[in-house]
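J.: My questions concern the predicted model and sequence given below.
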Protein chains: 2
Amino acid sequence: MIVSILGGTGEQGPGMALRWARAGVDIIIGSRQQARAETVAAELNQELGQTRIRGMANAEAAAAADVVALTVPFSAHRSTLESVQGQLQGKVLIDVCVPLDPENPRKMLMPPAGSATEEAQELLGSSVKVVAAFQNVSAHELRELDHAIDCDVLICGNDREARQTVMGLVEQMGMHPIDAGLAFNARVIESLTALLIGLNIRHKVKGSGVRITGLP
Amino acid sequence: MIVSILGGTGEQGPGMALRWARAGVDIIIGSRQQARAETVAAELNQELGQTRIRGMANAEAAAAADVVALTVPFSAHRSTLESVQGQLQGKVLIDVCVPLDPENPRKMLMPPAGSATEEAQELLGSSVKVVAAFQNVSAHELRELDHAIDCDVLICGNDREARQTVMGLVEQMGMHPIDAGLAFNARVIESLTALLIGLNIRHKVKGSGVRITGLP
């Protein structure tokens, strides 16, 4: 399987790329600038001592992938999706974006659709299967390859099979996925990120996370 | 200290009353009907083999307490607060209410103020210190006195000292409080309840909860 990470040169992308590539998933880092994507891919390959990560411009990265993850800041959410809409048809899109208030990342903006994930699904139409995941996983923790991440990955989206695909990818990263049901739950999952950022600031840490208790 | 639990004959109240009374906190169960409150208080005292729990009408319960907890359904949130506004002056109000959609408790209503907690603070004015707590703790788990509850208690509110008071009361119940900062965070804490209810339904359990990881 090939997973492309659009906006993959940012905060969340490199850690995700490294953990998937280490598990044998072929990764393409996507960026608005192809050269930037290639540079980051080369650095990550060097860190892993392998060549499983490539860099491409976002549209080519989306075209070449089986599954596409979107990790751009929310300000670039809609424009990035519009620029790769054709390449996403028939695919699973993992939306990692969180509509944080740029003035105060402890607070959420409220997208008219309810959440970034619902906005993506509305924009892309039903032939793209949008799944929310990884919003609550600290970028800092993802990047620290030498230790396990103490955070569950809450998954939601309107297509059950697509959720299953993403849960498999979460497990390949060594993390525990939890199926949280339909896409409207993204409102909660995304906003939990703002609360965790607030806790990071208040408690002077970089990697607070969440575990769900009491499930079978 | 005397804690009154308004709407305390409902789902959440009896478990909270039992756990606090067991720890030595004097409890008043409040209800719209005094007789109903007295009956439930007597049943709970019998279960504990003590007499630390009393029953009163909501207004008398609020007047007699140092700290007041509100556990009514969201449909009665505003009307209950209006009926005891005078008795709450100068006190800490623990708001446990969650604005769930009565048609689908996996979904949230969006109160104009942003959350039940913010609505309560707006309505009551600054001489009442409103603190959100206990929304994510399963009523079923609270009522099962023989085992510990595997769920953190996220606390927020605009008054730091009031948050400290509530954190102490959470600890007396044998649970772990987490200071999540100002009242706007109640939007996240309350909505997390809807997600947990969805997980309970999906996974056929009664007591999913949440733990925050990565804090000192």
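T.: Great, that's in hand.

J.: Quick check: residue A:185 touching residue B:196?
T.: No - checked against CB atoms under 8 Å, the pair residue A:185 and residue B:196 is beyond contact range at 10.6 Å. For the C-beta atoms, the positions are set from N, CA and C on the backbone; glycine is no exception.

J.: Help me confirm that residue A:89 comes into contact with residue A:127.
T.: Yes - counting by CB under 8 Å, residue A:127 is a contact partner of residue A:89 at 5.3 Å.

J.: quick one: low-confidence ranges for chain A?
T.: Within chain A, no stretch has pLDDT under 70.

J.: which residue ranges form the helices in it?
T.: Here chain A has its helices, by DSSP state H, at A:13-22, A:34-48, A:58-64, A:77-88, A:116-124, A:139-143, A:160-172, A:186-203.

J.: May I see the ones you listed organised as JSON lines, with mean neighbour count added?
T.: As requested, those are exported to JSON lines (neighbours: other CB atoms under 10 Å in any protein chain shown):
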{"stretch": "helix A:13-22", "mean neighbour count": "23"}
{"stretch": "helix A:34-48", "mean neighbour count": "17"}
{"stretch": "helix A:58-64", "mean neighbour count": "21"}
{"stretch": "helix A:77-88", "mean neighbour count": "18"}
{"stretch": "helix A:116-124", "mean neighbour count": "23"}
{"stretch": "helix A:139-143", "mean neighbour count": "18"}
{"stretch": "helix A:160-172", "mean neighbour count": "18"}
{"stretch": "helix A:186-203", "mean neighbour count": "23"}
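
J.: out of the ones you listed, which comes closest to chain B?
T.: Nearest to chain B among the helices of chain A is helix A:186-203; the distance by CB to the nearest CB comes to 4.2 Å.

J.: Tell me which residues touch the residue nearest the centre of chain A, please.
T.: Geometric centre of chain A, nearest residue: residue A:96, 3.3 Å, by CA atoms, centre = their mean. Residue A:96 makes contact with A:12, A:69-71, A:132-135, according to CB atoms under 8 Å, 6 or more residues apart in numbering or on different chains.

J.: Now which of the residues you listed would you call buried?
T.: A:12, A:69-71, A:132-135 (16 or more other CB atoms under 10 Å in any protein chain shown).

J.: Now the terminal residues of stretch A:55-73, how far apart.
T.: 19 Å (CA to CA, to the nearest Å).

J.: thinking again about what came up before, need the helices of chain A in JSON lines with distance to chain B, can you?
T.: Putting the helices of chain A into JSON lines (distance: least, CB to the nearest CB, whole Å) gives the following:
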{"stretch": "helix A:13-22", "distance to chain B": "15"}
{"stretch": "helix A:34-48", "distance to chain B": "23"}
{"stretch": "helix A:58-64", "distance to chain B": "30"}
{"stretch": "helix A:77-88", "distance to chain B": "20"}
{"stretch": "helix A:116-124", "distance to chain B": "13"}
{"stretch": "helix A:139-143", "distance to chain B": "7"}
{"stretch": "helix A:160-172", "distance to chain B": "11"}
{"stretch": "helix A:186-203", "distance to chain B": "4"}
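
J.: Adding distance to residue B:83, write those helices out as a markdown table.
T.: Listed next are the helices of chain A as a markdown table, based on distance: least, CB to CB, whole Å:
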| stretch | distance to residue B:83 |
| --- | --- |
| helix A:13-22 | 52 |
| helix A:34-48 | 60 |
| helix A:58-64 | 57 |
| helix A:77-88 | 45 |
| helix A:116-124 | 38 |
| helix A:139-143 | 47 |
| helix A:160-172 | 45 |
| helix A:186-203 | 31 |
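
J.: Quick one, which of the ones you listed gets closest to residue A:149.
T.: helix A:139-143 (4.9 Å; CB to CB).

J.: Give me the contacts around the closest one.
T.: A:11-12, A:14-16, A:18-19, A:147, A:149-151, A:206-207, A:209, B:214.

J.: Repeat the analysis, applying 10 Å as the threshold.
T.: Helix A:139-143 is contacted from outside by A:10-19, A:71, A:134, A:147-151, A:173, A:175, A:200, A:205-209, B:213-214, using CB atoms under 10 Å, 6 or more residues apart in numbering or on different chains.

J.: Quick check: residue A:118 touching residue A:110?
T.: No - using CB atoms under 10 Å, residue A:118 is not in contact with residue A:110; the gap is 11.4 Å.

J.: For those two, list the residues in contact with both.
T.: residue A:187.

J.: circling back: could you list which of the contacts of residue A:96 belong to strands?
T.: If you go by DSSP state E, those have A:69-70, A:132 in strands.

J.: Out of these, flag the one nearest to chain B.
T.: For the ones in strands among the contacts of residue A:96, the nearest to chain B is residue A:132 (11.6 Å; CB to the nearest CB).
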